[in-house]
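Enquirer: The sequence and its predicted three-dimensional model are supplied below.
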Amino acid sequence: RPSLGETNATGLQMASFDELLIDAQRYATTEEKQQKKSKAREELFARGSNSLAYLMSRAHVENMWIRILAEEIVLKLKAEEAAPVLLKHLADEHPITRKSAAYLLGYYEMPAQAGALLPLLQDEEAAGMALRTLGKWHVTNAIPQIAPFLTHAKERNRIFAANALRDVGDIHAAPD
């Protein structure tokens with residue numbers, strides 16, 4: 001897959017990720033802008049995990065299109081392409097990025113990676129998404145870490161915990 005600064009088959013300089021992002025999120029009010037937007041999105045998707053890495057490095061920016069495009073790319077990529085990028089961002093300096101990475105990992109079935117999510121249960125910003133993904137992965141050995149969130153001060157975390165325990169589906173979690 002092409003990366004930033006490479007040239008295409010005809011020797012022309014490829015658009016930078018910044019340029020692609022600008023075009024991919026623009027209002028397509030004319031035919032020309034619609035075509036430019038469509039081509040930018042196609043190129044972002046074609047660059048796969050490189051585009052995901054670019055978008056995740058900016059996931060903390062207040063721009064909904066960054067997270068929307070990252071999610072769309074995750075939906076197109078296989079776990080082996082996306083997971084290394086997302087796992088790396090679980091330890092990002094920005095809480096929103098950690099939260100986004102935990103959420104996006106939930107699209108894949110990767111219970112062997114549960115250990116990478118468990119530290120996020122101590123992260124006020126990302127705990128809810130970690131709970132969600134642990135539940136989706138059916139991580140039964142995380143039940144003791146999930147159950148205390150049923151009495152968490154934040155209602156959203158209580159809901160995430162209840163849903164996670166339901167998703168884990170272990171009969172031993174039923175009392176919680």
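Expert: That came through, no problem.

Enquirer: Buried residues in stretch 70-87, which are they?
Expert: Residues of stretch 70-87 classed as buried under the neighbour-count rule (16 or more other Cβ atoms under 10 Å) are 70-74, 77, 81-83, 85-86. Where C-beta positions appear, they are placed from N, C-alpha and C, glycine not excepted.

Enquirer: Show me how far it is from its chain's centre.
Expert: When distances are taken as Cα atoms, centre = their mean, to the nearest Å, stretch 70-87 is centred 7 Å away from the chain's centroid.

Enquirer: same thing with stretch 28-39?
Expert: Averaged C-alpha coordinates place stretch 28-39 at 27 Å from its chain's average position (Cα atoms, centre = their mean).

Enquirer: Columns pLDDT and distance to residue 44 on top of the buried residues of stretch 70-87, output as JSON lines?
Expert: Converted to JSON lines, the buried residues of stretch 70-87 look like this (pLDDT from 0 to 100; distance: Cβ to Cβ, whole Å):
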{"residue": "70", "pLDDT": "97", "distance to residue 44": "10"}
{"residue": "71", "pLDDT": "98", "distance to residue 44": "12"}
{"residue": "72", "pLDDT": "97", "distance to residue 44": "9"}
{"residue": "73", "pLDDT": "98", "distance to residue 44": "7"}
{"residue": "74", "pLDDT": "98", "distance to residue 44": "12"}
{"residue": "77", "pLDDT": "97", "distance to residue 44": "12"}
{"residue": "81", "pLDDT": "97", "distance to residue 44": "14"}
{"residue": "82", "pLDDT": "98", "distance to residue 44": "14"}
{"residue": "83", "pLDDT": "97", "distance to residue 44": "19"}
{"residue": "85", "pLDDT": "98", "distance to residue 44": "14"}
{"residue": "86", "pLDDT": "98", "distance to residue 44": "17"}
